[in-house]
Structure formats: C-alpha cells, structure tokens
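A.B. asks: Structure here, sequence nowhere to be found:
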C-alpha cells in the first residue's frame, strides 16, 4: 500500500492525512513547518456559518467528518448569529489543536513538527522525496501540498503593510516553500479588487482581558458583541482589501464586531490602535494576533497551484493540493473538504484507480469546479470564494445548494452514490 507525504499541517493538511489513511494508505507522514498544527486555524474559530453548514454536512455524509468532530469538541458557542451570518459555531482556539492531534493519532498518522520542507528530489515530473531543514529526506509514492499561500515574510512587505509577526511566524520557523514551484510548476497569484496582487487576512485577535468588563461578560455569554463606531473613527476602506469578502459588509464598517473564540476575534483586517482605544470599552485594547494589527495583517493568495477538479496539480505526476493552494477558497471548512478530497485521491492515484471528482450537485463539488474555472480569468482572480458569503454563497443559493436540512443533504449525497465514500478503503471500491 502507498506511502503518502503531506506537506503543511493546517486544516487542509490534517484533512488530507486523515483521508489518505482512511482510504488505505499504509503510511501517512505529515510535515509541519512550525511547532503546532493548524496554521491560521489557531486564530480562526468560525465554522458552520451560512453555506458552511451545508458543506460540513456533505462532508459528514461522505464519511469525512472527523475534523468537524474535533471542532464540536472544542466549541465555545453554537448557533450564533452576527451581521450577514447565521447558525455559526465558534471554537476555542486554545483547545482545537490538541483535539486535532488526537484525531491524527487515532488514525495512526505520523506527524512531524518543526519539519520545514526546503527542497525536493525528482525524476522528470515525478517527485521522489522532500528534504527538511534538518536534512531528513522523506520518500513517498504520492505527495500532497497544503502549505497555504501566505509568506515568506517579504511578501507581506511586497504586497501589503510589511511583516506583522502573525500566527504564521516566518521569522521563527522559516518561510513557506512551495513544493509545486520546486517541481517546476508555474503558480498563480490572486488579486485584490483594484488588480494589485495578494489579499490581506480578514480579521485580528484582541487580548480579551484588555477589553472592558461589560464587553468581556457579553462575549462570554453570547459569543458576539456589536459596538457602534463613532463616525470619525470609521474605516470602511479596509473592507475591500480583505481576503474574507464574506465580511465586507457595511455593518463591519459601522461597528466593531467581536466574536468569542477564546480571544476576542475582531472582524477587521486591521484597526489603528489609537482609533480603537477611543471607542468605549476598548481604552486598554491590545492586539493578540497579529501583534501589529494596528497597521496591517498577513498577505495571502500569493502561490496558487494550477490543478484539476480531482485536486491533482497540473505539471507534476504525483502531487495533489488542498486548502488555499487549491485556489481562491477562503476558510477552515473549505480547507478541510479540499484536503479530504486530495488525501482520498492521492491513494486512488497510486493504486491506478480513476480519480474522484465530486459532482456539481454537491456544494463542495460545485465550489471546487467553479473556483477552478474562475481562476482562469483575470476578473476571477480578483474574487475570493467561500461557502459562507460573498459571490459563492450567492451562487449556492441561486443553484439551490444551500440548505440546513441535514436529511436533505444526506439524500443528495446518497443520490450521487457517495455516501461514506471517504470512510472506506479505496481497495474495496470499484473505480468510479
């Protein structure tokens, strides 16, 4: 049975590793550059909002719900509403990473931390091994890249407001290296609305204890706090630069919107500290992530891999991708489901089976295909796509894909012939 090597331990990488193991890989090795799994998932925290509910339940119906179980284990609030978003689950960013580790360990995934991949070896267009900073050479039959699209730190200066010492921690653990690029694949760069390159991360974290007592209490009890901003302190211009365009709504310019993820998640890519501290209840506010959240945030979407709808990277014989590497898909749910498909297909590939392409009758399949199509156009590269809002959620609604009826979602998956597909070894499957 195959050995699968996953490079990048964020949500997509963890999803890929679990899926590959469940598909029948004898050995799955997950390599993570830093000393913790989950990457931006360590400061994220929003799940199941809007169309992400549908995608989550599709994943469960297909047998790929393990990481969503970890989210439920670490949940602080469920069925939360905030402007433009319904039925959200907020997980505790301090508890989620150990919960995910337990999932990997339960399936026998071998994960290595502080294991930055700096290079590869290859024969033609086939990758043979990856090499870490410690000169460990790790061989595999098939490789999955889930390294994300942020970093190295110079990109934050080149495309944005400079290094802000975010959760990605490039100065401490070294920059992200693109496996696809090392394999000779020409990658793409996403655009902002004005046509310039990259997109800024969409939210910050405030140290909860630095806020007013009333705000803390309301956050802990309700999970969300909305504080009106005086006119002279509003900063609507920041909405257009966000990667997370599902939050580029007028309400997010007119109010400080906080979500309780253990920290206080501030739904703005940055907020000048002197202005923030003039708002009642924020007089002592301090940024938790990024540390320079008063001037900027991390830049993303600077390394998108060309791929097909089975998530196989074009131009490399045995490389798959998931998460942001797979395109302009924003969010944890989006990373988990693309990682899951990549992990499953990695095993199919090495066994010579036809790769699984999810049908467009499913929200996940439609999103993967739609984003792939849109990335081939100049205008499409300026947009960001997510199940939870903006352009793609509107598409979900128009196509009748969005629903919170769990049984209807199960029926949809069953009609597609995909019930439990990610829960069974590929060796027991007929080629599809």
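C.D. replies: Nice, I can see it. Computed from a predicted model, the values in this text were never measured in an experiment.

A.B. asks: for this protein, which helix is longest?
C.D. replies: The longest helix of the chain (DSSP state H) is helix 332-350.

A.B. asks: centre of the chain versus the next helix-or-strand element following that one, how much separation?
C.D. replies: Counting by DSSP states H and E, the element after helix 332-350 in chain order, helix or strand, is helix 363-374. Distance, stretch centre to chain centre, for helix 363-374: 15 Å (CA atoms, centre = their mean, to the nearest Å).

A.B. asks: again with stretch 47-67
C.D. replies: That offset, for stretch 47-67, works out to 14 Å (CA atoms, centre = their mean).

A.B. asks: Please enumerate the strands of the stretch 151-300 of the chain.
C.D. replies: Using DSSP state E, counting those that start in this stretch, the strands of the stretch 151-300 of the chain run over 199-200, 204-206, 224-228, 255-260, 264-266, 287-289, 299-300.

A.B. asks: Return the most buried member of these.
C.D. replies: strand 299-300 (a mean of 30; mean count of other CB atoms under 10 Å). (Each C-beta comes from the backbone N, C-alpha and C, glycine too.)

A.B. asks: Summarise which helices and strands that strand is packed against.
C.D. replies: helix 153-159, strand 199-200 (3 or more CB pairs under 8 Å, 6 or more residues apart in numbering; DSSP states H and E).

A.B. asks: Can you add distance to residue 6 and mean pLDDT and give the ones you listed back as a markdown table?
C.D. replies: Below are the helices and strands packed on strand 299-300 laid out as a markdown table (distance: least, CB to CB, whole Å; pLDDT from 0 to 100):
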| stretch | distance to residue 6 | mean pLDDT |
| --- | --- | --- |
| helix 153-159 | 23 | 91 |
| strand 199-200 | 25 | 89 |
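
A.B. asks: Run the chain-centre distance for the helix or strand of the chain with the lowest mean pLDDT.
C.D. replies: Within the chain, no helix or strand scores below helix 250-254, which has a mean of 79 by mean pLDDT, DSSP states H and E. Relative to its chain's centre, helix 250-254 lies at 24 Å (CA atoms, centre = their mean).

A.B. asks: ok, now stretch 74-90?
C.D. replies: 18 Å.

A.B. asks: ok, now stretch 145-158?
C.D. replies: Distance, centroid of stretch 145-158 to centroid of chain: 14 Å (CA atoms, centre = their mean).

A.B. asks: Name the residues of it that are buried.
C.D. replies: By neighbour count on 16 or more other CB atoms under 10 Å, the buried set for stretch 145-158 is 145, 146, 147, 148, 149, 150, 151, 152, 153, 155, 156.

A.B. asks: Kindly report the same for stretch 211-226.
C.D. replies: With the criterion 16+ other CB under 10 Å, stretch 211-226 contains buried residues 211, 212, 215, 216, 218, 219, 223, 224, 225, 226.

A.B. asks: neighbouring contacts of that stretch?
C.D. replies: With CB atoms under 8 Å, 6 or more residues apart in numbering as the test, stretch 211-226 has contacts from 76-77, 80-83, 90, 208-209, 227, 251, 255-260, 264, 280-285.

A.B. asks: next one: stretch 39-49
C.D. replies: Residues outside stretch 39-49 that contact it (CB under 8 Å, 6+ apart) are 8-11, 36, 56, 68, 71, 85-93, 96-97, 100, 148, 150, 167-168, 201, 203, 205, 259, 261-263, 265, 289, 331-333, 335, 388-389.

A.B. asks: With stretch 366-379 instead?
C.D. replies: 55, 188, 191, 304, 307-309, 311, 326-329, 334, 338, 341, 358, 360, 380-381, 383, 385, 387, 392, 395-396, 399, 401.

A.B. asks: One more pass at 7 Å, please.
C.D. replies: 188, 304, 307, 309, 327-329, 338, 358, 360, 380-381, 383, 385, 387, 392, 395, 399, 401 (CB atoms under 7 Å, 6 or more residues apart in numbering).

A.B. asks: quick one on the thing from earlier: which pair in the buried residues of stretch 211-226 spans the largest distance?
C.D. replies: Among the buried residues of stretch 211-226, the pair separated by the greatest distance (CB to CB) is 212 and 223, at 17.0 Å.

A.B. asks: What residues does the residue lying closest to residue 153 once chain neighbours are set aside make contact with?
C.D. replies: In space, not counting the residues next to it along the chain, residue 153 is nearest to residue 170; the distance is 3.9 Å by CB to CB, 6 or more residues apart in numbering. The contact partners of residue 170, by CB under 7 Å, 6+ apart, come to 151, 152, 153.

A.B. asks: For the last one, give its distance to residue 180.
C.D. replies: Using CB to CB, to the nearest Å, one gets 20 Å for the distance from residue 153 to residue 180.

A.B. asks: and if you look at residue 86?
C.D. replies: Counting by CB to CB, the gap from residue 86 to residue 180 is 37 Å.

A.B. asks: now do residue 262
C.D. replies: 34 Å.

A.B. asks: what's near enough to touch residue 227?
C.D. replies: Applying CB under 7 Å, 6+ apart, the residues contacting residue 227 are 255, 256, 279, 281.

A.B. asks: What's the local residue count around the last one?
C.D. replies: When neighbours are defined as other CB atoms under 10 Å, residue 281 has 17 of them.

A.B. asks: quick revisit: list the helices and strands the longest helix of the chain packs on?
C.D. replies: Secondary structure elements in contact with helix 332-350, counted by 3 or more CB pairs under 7 Å, 6 or more residues apart in numbering; DSSP states H and E, are helix 11-23, helix 51-61, strand 142-145, strand 319-321.

A.B. asks: What are the phi and psi values at residue 126?
C.D. replies: phi -110, psi 130 (degrees, to the nearest 10).

A.B. asks: what's the pLDDT at it?
C.D. replies: Here, the pLDDT recorded for residue 126 equals 97.

A.B. asks: For it, give the beta-bridge partners.
C.D. replies: Note on residue 126: beta-bridge partners by DSSP bridges are residue 123.

A.B. asks: my read: it touches residue 317, true?
C.D. replies: Yes. Contact criterion CB atoms under 7 Å: residue 126 and residue 317 qualify, at 4.2 Å.

A.B. asks: From the contacts of stretch 366-379, list just the buried residues.
C.D. replies: The neighbour-count criterion (16+ other CB under 10 Å) marks 188, 304, 307, 309, 327-329, 338, 358, 360, 380-381, 383, 385, 387, 392, 395, 401 among the contacts of stretch 366-379 as buried.

A.B. asks: Now, those residues that are in helices?
C.D. replies: 338, 392, 395.

A.B. asks: hang on, the earlier thing: could the helices and strands packed on helix 332-350 go into a markdown table alongside distance to residue 273 and mean pLDDT?
C.D. replies: Shown next, in a markdown table, are those (distance: least, CB to CB, whole Å; pLDDT from 0 to 100):
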| stretch | distance to residue 273 | mean pLDDT |
| --- | --- | --- |
| helix 11-23 | 30 | 98 |
| helix 51-61 | 31 | 98 |
| strand 142-145 | 36 | 98 |
| strand 319-321 | 37 | 98 |
